[in-house]
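Novice: Provide a 3D model corresponding to the input given below.
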Amino acid sequence: MTPEQSKAYARRISQANRTELTVIVYDITLTHLSDCVSAFESGNIEDFRHSIKLAQRFLCELMSTLDLKIPLAVSLLRLYEYAQKIIVHCDIAGTTENLEVATRILSRLKDSFSQISSQDTEGPVMENTEPVYAGLTYGKGKLNETEIPSGNRGYLA
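Specialist: Down below sits the predicted model:
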């Protein structure tokens with residue numbers, strides 16, 4: 001994951017509600033899986049292992065947020081476990097074989113959660129964050145971001 005992607009995810013997280021956070025975790029997991037394939041194809045085994053470990057961590061985060069009292073959550077857990085099994089096998093074997101299966105499963109689940117998040121009208125989970133405004137400048141396609149302080153940064157007494 002590039003530093004620019006990391007900053008973009010941080011901005012999205014600061015403005016996201018609960019279902020949007022789930023979509024973001026899917027996006028991050030899929031980004032790390034994509035990084036795994038890229039690193040493997042370039043022969044960089046160290047980056048391959050690092051990216052695959054990060055993908056496993058974010059997939060574990062998705063698993064840990066499930067409420068297993070709900071039958072649908074149990075079905076989701078089974079899909080997550082299957083994807084995790086594929087990722088662990090790839091890590092141990094040092095290959096990307098079947099990694100596209102895990103990517104396809106998680107992509108479809110992400111698409112489903114994206115549709116749900118568009119209907120979620122709940123406010124952002126994080127409070128006291130500064131809004132981020134972005135706009136194009138007069139430079140050649142350069143995007144400058146401007147943060148406008150809200151005055152309520154930090155703890156409120």
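
Novice: use CA for all of it now, contacts and neighbours both
Specialist: OK.

Novice: and residue 83, what does it touch?
Specialist: Residue 83 makes contact with 101, 102, 103, 105, 106, according to C-alpha atoms under 8 Å, 6 or more residues apart in numbering.

Novice: can you list those residues in CSV and add pLDDT and secondary structure?
Specialist: Listed next are the contacts of residue 83 as CSV, based on pLDDT from 0 to 100; DSSP: H, G, I helix; E, B strand; the rest coil:
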residue, pLDDT, secondary structure
101, 94, helix
102, 94, helix
103, 94, helix
105, 94, helix
106, 94, helix
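
Novice: what residue ranges in this structure score low on pLDDT?
Specialist: 123-157 (pLDDT under 70).

Novice: What segments of it are helices?
Specialist: 3-15, 18-42, 45-64, 71-93, 99-119 (DSSP state H).

Novice: Need the winner for burial among those helices.
Specialist: Of all the helices of the chain, helix 18-42 carries the top mean neighbour count, a mean of 20, counting by mean count of other C-alpha atoms under 10 Å.

Novice: Can you tell me what sits against it?
Specialist: Contacts for helix 18-42 (C-alpha under 8 Å, 6+ apart): 1, 9, 12-13, 45, 47-49, 51-52, 54-56, 58-59, 62, 95-96, 99, 103, 106-107, 110, 113-114, 116-117, 120, 122, 124-125.

Novice: ok so, going back, tell me which two in the contacts of residue 83 are the farthest apart.
Specialist: Farthest-apart pair in the contacts of residue 83 is 101 and 106; separation 8.7 Å (C-alpha to C-alpha).

Novice: Against residue 75, how distant is residue 69?
Specialist: Relative to residue 75, residue 69 is positioned 11 Å away (C-alpha to C-alpha, to the nearest Å).

Novice: and what of residue 88?
Specialist: Taken as C-alpha to C-alpha, the span from residue 88 to residue 75 is 20 Å.
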